[in-house]
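**Q** Model the following, please.
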Amino acid sequence: MTLPRPAASPATDAAASLLADLVAHGVRDLVLSPGSRSQALALAAVRLADTGDLRVHVRIDERVAGFTALGLARETGVPAAVLCTSGTAAANLLPAAMEAFHAGVPLLLLTADRPPELRGIGANQATTQPGMFAPWVRESVDAPVPGESGSGGDWSSLAVRAVALALGADAPHGLPGVAGPVHLNLPAREPLSGEPVVTPVTPGAAPMPARGEAVVLARGPRTVVIAGADAGPDAEEIAHAGSWPLIAEIVSGARFGRHLVHGYRTLLRRAELGGAVERAVVLGHPTLSREVAALLARPDVEVIAVRHGGEELDLNHRSRPAASVVVAAPSNDDDRAADRTWLGAWLEASAAQAVDLSERAPDHDGLASADSATRRDAVKAELEAVRRPLDRELLVDAVWRATWPHDRLVFGSSRLVRVADAVLGGKKIPVHANRGLAGIDGTIATATGIALASQAGGAPGVTRVLLGDLTLLHDVGALLLPPDETEPRLQVIVGNDGGGTIFDGLEVAQVAPAADLDRAFYTPHQVRLEHLALAYGWEYQRVTTRTALDQVLTRPVGGRQLIEVPLAR
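**A** The predicted model follows:
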């Protein structure tokens, strides 16, 4: 039976106008998951892709779609849209919405819905969607039904406000000046498809939010600058301007510069250093150490926290929020001398804490030396390195050394990110991590979005994601990519220790019986990662030595690679 082709559809008209207006106000990427109720929106998106106005990415799993959009928005700083049908499909966007809210990432959640008369009466695929993300979005809008008399059913009026709110404009929920997700619930009645509608894209500009007045950092207090996730280069600039020590997490994007402190966890425990801090200036969201959390919770420390995610950072319940900060000029020589003395004490202690893993890396210069004795020693050291299995320190060091400013590095919420934070030195490279809520979900999908966005922006490098085996398995569906879309240059490096050894650092590891610890926390597995790679069309490599790992990481990457590194539990 051939269904009659509808000549017109209010849903089609409304979908075309909404998406055209989103594109006009800066949206360049939309991730969609197929569904019935969202068909008008999906077809409108595809038509905009055909004209080159919109990049459309299709994912069958809505949770993967949500995190892919999150990755696109993370890399570009521009709101990315994610589109799905009604019912449980919409609920699967919740993890990405929560992460975007707490991490300050602009995201547009477009959920198709049944019309109001089908809610609450047992209709198929109908549930309560309006407000379902309310605690974690800057605004929720239950749009009018297209074609409804007097309802103002043209959805295009929603676009400019949604983009502005996602970028940080004042909103009913969330902090002013901080980006985050916005939810547009889009109900429609049948027919849901009609003759194609061509809506011209008319460029416009969403109003940019005001950042607010900067807090002036006066001289005098013994100050440290703390860079958490997504702090970016601003943290290094502030530390340099104030002559203050810089405590930068590995996921901060600020782990570089002359004021960088190595081994900061140990130094924060020292009475003459961490114990003497009077003021902490925080950028980003610090999450990787208990020592930083303890410092920020001290009632005797003045905390000035630059707004980052959807909540103020206020661990000691007396922190001072700031839209931004600037450093006051020294008023006299005494101020300069005090800052230099304070910084010098930290840097002297830092130098003793720096971890040098270079002696455990291949000596490429020695191996190529014309001097026979030098070459012989290098060969001997190389043979010893070949026999030594890779450990976590060597793994994170190899990935860090292989990554450069034209690349992207993504850390999963695994044990490896804490090892990296403890041992790696300074390097100015683009780093991403989902540390808003520090969940393990969505890591590969987020990295895929970052890779696609960086390639679209002209970056020539590769995106590397370093994660543990459980973090990989939690997001294994993200390995599936459509064959007709741009293939990301993506290396997924998996430190496989056969389970969740990150729990070794928790109190439960000291008190629980070994069998209970295995079953409820470590969750050991015997998944053959090479079979996963084959099933999803990824190139697979298993490496066990530093030399082999260096070779795999640094050779030209043309597509998707899954690199497994076995690690001792």
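**Q** Where does pLDDT dip in the stretch 351-500 of the chain?
**A** 358-364, 382, 385-387 (pLDDT under 70).
**Q** tell me the strands in the stretch 101-250 of the chain, going along the chain?
**A** Counting by DSSP state E, counting those that start in this stretch, the stretch 101-250 of the chain has strands at residues 107-113, 139-142, 181-187, 215-217, 223-227, 246-248.
**Q** Burial-wise, tell me which of those strands comes out on top.
**A** strand 246-248 (a mean of 31; mean count of other C-beta atoms under 10 Å). In short, each C-beta sits where N, CA and C put it, glycine included.
**Q** name the helices or strands packed onto that strand?
**A** Applying 3 or more C-beta pairs under 8 Å, 6 or more residues apart in numbering; DSSP states H and E, one finds that strand 246-248 contacts strand 223-227, helix 234-242.
**Q** quick revisit: relative to residue 310, which of the strands of the stretch 101-250 of the chain is closest?
**A** strand 181-187 (8.9 Å; C-beta to C-beta).
**Q** Which one, of the strands of the stretch 101-250 of the chain, ends up nearest to residue 268?
**A** With C-beta to C-beta as the criterion, residue 268 lies closest to strand 246-248 of those, at 7.6 Å.
**Q** quick check, distance from that closest one to the centre of its chain.
**A** Relative to its chain's centre, strand 246-248 lies at 20 Å (C-alpha atoms, centre = their mean, to the nearest Å).
**Q** immediately after it, which helix or strand?
**A** Scanning forward in sequence from strand 246-248 by DSSP states H and E, the next helix or strand is helix 264-268.
**Q** Of the helices and strands packed on strand 246-248, give the one that comes closest to residue 479.
**A** The nearest among the helices and strands packed on strand 246-248, by C-beta to C-beta, is strand 223-227 at 32.0 Å.
**Q** quick one: buried residues of the helix or strand encompassing residue 532?
**A** Using DSSP H and E, residue 532 sits within helix 529-536. By 16 or more other C-beta atoms under 10 Å, the buried positions in helix 529-536 come out as 529, 532-533, 536.
**Q** Can you pull out the low-pLDDT segments for the protein?
**A** 1-8, 149-153, 196-197, 205-211, 358-364, 382, 385-387, 502, 504-506, 508-509.
**Q** how about 90 then?
**A** 1-9, 118-126, 147-157, 170-176, 191-213, 330-337, 354-389, 498-525, 555-558, 568-569 (pLDDT under 90).
**Q** picking up where we left off before, in its sheet, what does the very next helix or strand once past the helix holding residue 532 sit against?
**A** Counting by DSSP H and E, the next helix or strand C-terminal to helix 529-536 is strand 539-542. Using DSSP bridges, the strands paired with strand 539-542 are strand 560-566 (parallel).
**Q** next one: the partner strand to chain centre, how far?
**A** With C-alpha atoms, centre = their mean, you get 20 Å for strand 560-566.
**Q** can you check stretch 306-314 too?
**A** Averaging C-alpha positions (C-alpha atoms, centre = their mean) puts stretch 306-314 16 Å from its chain's average.
**Q** Then stretch 170-186?
**A** Its chain's average C-alpha position is 18 Å from that of stretch 170-186, according to C-alpha atoms, centre = their mean.
**Q** if we can go back for a sec, adding distance to residue 474, write the buried residues of helix 529-536 out as JSON lines.
**A** Conversion of the buried residues of helix 529-536 to JSON lines gives the following (distance: C-beta to C-beta, whole Å):
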{"residue": "529", "distance to residue 474": "14"}
{"residue": "532", "distance to residue 474": "13"}
{"residue": "533", "distance to residue 474": "17"}
{"residue": "536", "distance to residue 474": "15"}
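**Q** follow-up on the earlier one: so can I have JSON lines of the strands of the stretch 101-250 of the chain showing distance to residue 11?
**A** Below are the strands of the stretch 101-250 of the chain laid out as JSON lines (distance: least, C-beta to C-beta, whole Å):
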{"stretch": "strand 107-113", "distance to residue 11": "9"}
{"stretch": "strand 139-142", "distance to residue 11": "16"}
{"stretch": "strand 181-187", "distance to residue 11": "9"}
{"stretch": "strand 215-217", "distance to residue 11": "48"}
{"stretch": "strand 223-227", "distance to residue 11": "47"}
{"stretch": "strand 246-248", "distance to residue 11": "49"}
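**Q** Compare the ones you listed and give me the one nearest residue 484.
**A** Across these, closest to residue 484 is strand 107-113 (C-beta to C-beta), at 22.3 Å.
**Q** ok now that closest one, how far from the chain's centre?
**A** Distance of strand 107-113 from its chain centroid, counting by C-alpha atoms, centre = their mean, is 20 Å.
**Q** helices or strands up against that strand?
**A** Counting contacts by 3+ C-beta pairs under 8 Å, 6+ apart, strand 107-113 packs against helix 62-76, strand 80-84, helix 88-91, helix 94-103, helix 159-166, strand 181-187.
**Q** that older thread, any idea of the angle the helix holding residue 532 forms with strand 560-566?
**A** Calculated by axes from the mean of the first three to the mean of the last three C-alpha atoms, to 10 degrees, helix 529-536 forms an angle of 170 degrees with strand 560-566.
**Q** coming back round to it: residue 155: which of the strands of the stretch 101-250 of the chain is closest?
**A** Smallest distance to residue 155 across the strands of the stretch 101-250 of the chain (C-beta to C-beta): 6.7 Å, for strand 181-187.
**Q** The closest one pairs with which strands, and in what direction?
**A** Applying DSSP bridges, strand 181-187 is found paired with strand 107-113 (parallel), strand 139-142 (parallel).
**Q** JSON lines please, covering those and showing distance to residue 22.
**A** Output for those, formatted as JSON lines (distance: least, C-beta to C-beta, whole Å):
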{"stretch": "strand 107-113", "distance to residue 22": "7"}
{"stretch": "strand 139-142", "distance to residue 22": "13"}
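**Q** Please identify which of the ones you listed is closest to residue 366.
**A** Among those, strand 107-113 comes nearest to residue 366, with 49.4 Å by C-beta to C-beta.
**Q** and residue 510, which of the strands of the stretch 101-250 of the chain is closest to it?
**A** Across those, residue 510 has its closest neighbour in strand 246-248 (28.0 Å, C-beta to C-beta).
**Q** ok, residues contacting the closest one?
**A** 224-227, 231, 235-236, 239, 254-257, 259-261, 264, 268, 292, 426 (C-beta atoms under 8 Å, 6 or more residues apart in numbering).
**Q** So for residue 451, which of the helices and strands packed on strand 107-113 sits nearest?
**A** Nearest to residue 451, of the helices and strands packed on strand 107-113 and by C-beta to C-beta, is helix 62-76 at 7.8 Å.
**Q** hang on, the earlier thing: pull the helix holding residue 532 out as PDB, backbone CA atoms only.
**A** Extracted C-alpha coordinates of helix 529-536, given in PDB (Å, rounded to 0.1, in the frame of the first residue of the first chain):
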ATOM      1  CA  LEU A 529      38.900  -5.600  22.200                       C
ATOM      2  CA  GLU A 530      40.200  -6.600  18.800                       C
ATOM      3  CA  HIS A 531      36.900  -8.200  18.000                       C
ATOM      4  CA  LEU A 532      35.100  -5.000  19.000                       C
ATOM      5  CA  ALA A 533      37.400  -3.100  16.700                       C
ATOM      6  CA  LEU A 534      36.700  -5.500  13.800                       C
ATOM      7  CA  ALA A 535      33.000  -5.400  14.300                       C
ATOM      8  CA  TYR A 536      32.900  -1.600  14.200                       C
END
